[in-house]
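>>> Based on what follows, work out the 3D shape:
(one chain, ligands or ions: 1)
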Amino acid sequence: MEKIKIEKNSVQETLIIPLYGRKMCSEKFPELYTDIYAERLCNRIDYDFSELEKKNKSFLYEFGSLEAAMRQLDMIWEIKDYLKKYPKATVVNLGCGLDDTGKACDNGLCHIVNVDFPDVISIRKQLIIDGEREKNIACDLKDYSWMEQVDGSEGVIFFAAGVFHYFKTEEVKNLVLELSKRFPEGCLVFDSVGKLGLKIILNKVLKNMDINDVDGYFYINNPKKELNWSENIKVTSKGYMLGYYDMKSPGIRFSHRFFAWLGDKMMKMYVHKMEFAGKE
Ligand SMILES: C[S@@+](CC[C@H](N)C(=O)[O-])C[C@H]1O[C@@H](n2cnc3c(N)ncnc32)[C@H](O)[C@@H]1O
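Numbers count the residues shown, from 1 in each chain. Just a heads-up that it's a prediction; the model follows:
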């Protein structure tokens, strides 16, 4: 079967890390997390996984795979919770990469929309078959015309997993305010890290992009103060690693949970839920 190529050193390449993390976590900690798509997708991509494979056994990479899985579990928790109230809502995966969280939350009634750059959507279309209530939108999230293609009449939940690290703070804020105006019943869920965490991510992931100074990029040290963008938006923030689940699963050691605690506290890893409350 023909393999699909992913170019190195691009923002799009960043989709590989969480995808590989989910595959690795499914193999190592299946009681905690399973992703039936991740392994199949990794096998279909023409990408040099050797660097990742080499580090596969190191503690830090093992922990990285837990990060990818916990983030997805947190998002799934919030989406399923929203769908209890709005079962026919639209579930929108912002910067979807090759993630299939929408399908993992499908209740048979909701609609699923996946948004990413055109080249990523074209790769996605070759690898993933859309469900009957699912569609893809190829665009830059910063060009708000994509919002016209989202039906929020039965409720809408947007989620962005590992996406806003590559945005400037003003860009995230403007996007959020625009969403809150257009989708007054909507909700947005996304992850963030603090300044130190962002330095590590950007230098590790975007090696060629020369980001030494992360000022201006989106990091959050104090959610209550820094996400206070509108009185029409209610913000709830929880620990990314341990805010939703206690990670007490077979194979998860004390050291994993200790690192998870450190990640939440020291790296300030959070998952935020923003509930929009009516037009301004
Ligand atoms: C780290 S990957 C995460 C992918 C996916 N959310 C996951 O958890 O596997 C970041 C994704 O965001 C997309 N992305 C980043 N900036 C974007 C933008 N301005 N418009 C659309 N997609 C964007 C990238 O193409 C990439 O697929």
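
>>> secondary structure element for residue 130?
Counting by DSSP states H and E, there is no helix or strand that carries residue 130.

>>> Quick check: buried residues in stretch 26-45?
Within stretch 26-45, the residues that count as buried by 16 or more other C-beta atoms under 10 Å are 26, 28-29, 32-33, 35, 37-39, 41-42, 44-45. The way it works is simple: take the backbone N, C-alpha and C, and place the C-beta from them, glycine included.

>>> contact partners of it?
Stretch 26-45 is contacted by residues 1, 3-6, 16, 19-20, 22-23, 25, 49, 62, 65-66, 69, 72-73, 98, 100, 127-128, 247, 249-252 when judged by C-beta atoms under 8 Å, 6 or more residues apart in numbering.

>>> which of those count as buried?
Among the contacts of stretch 26-45, those buried by neighbour count (16+ other C-beta under 10 Å) are 4, 6, 16, 19-20, 22-23, 25, 62, 65-66, 69, 72-73, 98, 100, 128, 247, 252.

>>> Can you sort out which of the residues you listed also neighbour the ligand?
residue 19 (C-beta under 6 Å from any ligand atom).

>>> re earlier: mind checking which of the contacts of stretch 26-45 land in helices?
Using DSSP state H, the subset of the contacts of stretch 26-45 located in helices is 16, 19-20, 22-23, 25, 62, 65-66, 69, 72-73, 127.

>>> pLDDT of stretch 26-43, averaged?
Mean per-residue pLDDT for stretch 26-43: 90.

>>> CA atoms of that stretch as PDB?
Extracted C-alpha coordinates of stretch 26-43, given in PDB (Å, rounded to 0.1, in the frame of the first residue of the first chain):
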ATOM      1  CA  SER A  26      -1.900   2.200  23.700                       C
ATOM      2  CA  GLU A  27       0.900  -0.400  23.500                       C
ATOM      3  CA  LYS A  28       2.400   0.300  26.900                       C
ATOM      4  CA  PHE A  29      -0.600   1.200  29.000                       C
ATOM      5  CA  PRO A  30      -3.700  -0.300  27.300                       C
ATOM      6  CA  GLU A  31      -5.800  -0.300  30.500                       C
ATOM      7  CA  LEU A  32      -5.300   3.500  30.800                       C
ATOM      8  CA  TYR A  33      -5.800   4.300  27.100                       C
ATOM      9  CA  THR A  34      -6.500   2.700  23.700                       C
ATOM     10  CA  ASP A  35      -6.400   4.300  20.400                       C
ATOM     11  CA  ILE A  36      -7.300   1.900  17.700                       C
ATOM     12  CA  TYR A  37      -6.400   4.300  14.900                       C
ATOM     13  CA  ALA A  38      -3.000   5.500  15.900                       C
ATOM     14  CA  GLU A  39      -0.900   2.400  15.100                       C
ATOM     15  CA  ARG A  40      -2.600   1.900  11.800                       C
ATOM     16  CA  LEU A  41      -2.000   5.500  10.800                       C
ATOM     17  CA  CYS A  42       1.700   5.400  11.800                       C
ATOM     18  CA  ASN A  43       2.100   2.400   9.500                       C
END
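
>>> do that stretch and the ligand meet?
No: Stretch 26-43 is not in contact with the ligand by C-beta under 6 Å from any ligand atom; minimum separation 9.0 Å.

>>> got the residues of the stretch 51-200 of the chain near the ligand?
95-97, 99, 116-117, 120, 140-142, 161-163, 166.

>>> What are the neighbouring residues in contact with the residue nearest to the spatial centre of the chain?
Against the mean C-alpha coordinate of the chain, by C-alpha atoms, centre = their mean, the closest residue is residue 161 at 0.9 Å. With contacts defined as C-beta under 8 Å, 6+ apart, residue 161 is in contact with 18, 71-72, 75, 93, 95, 99, 101, 190-191.
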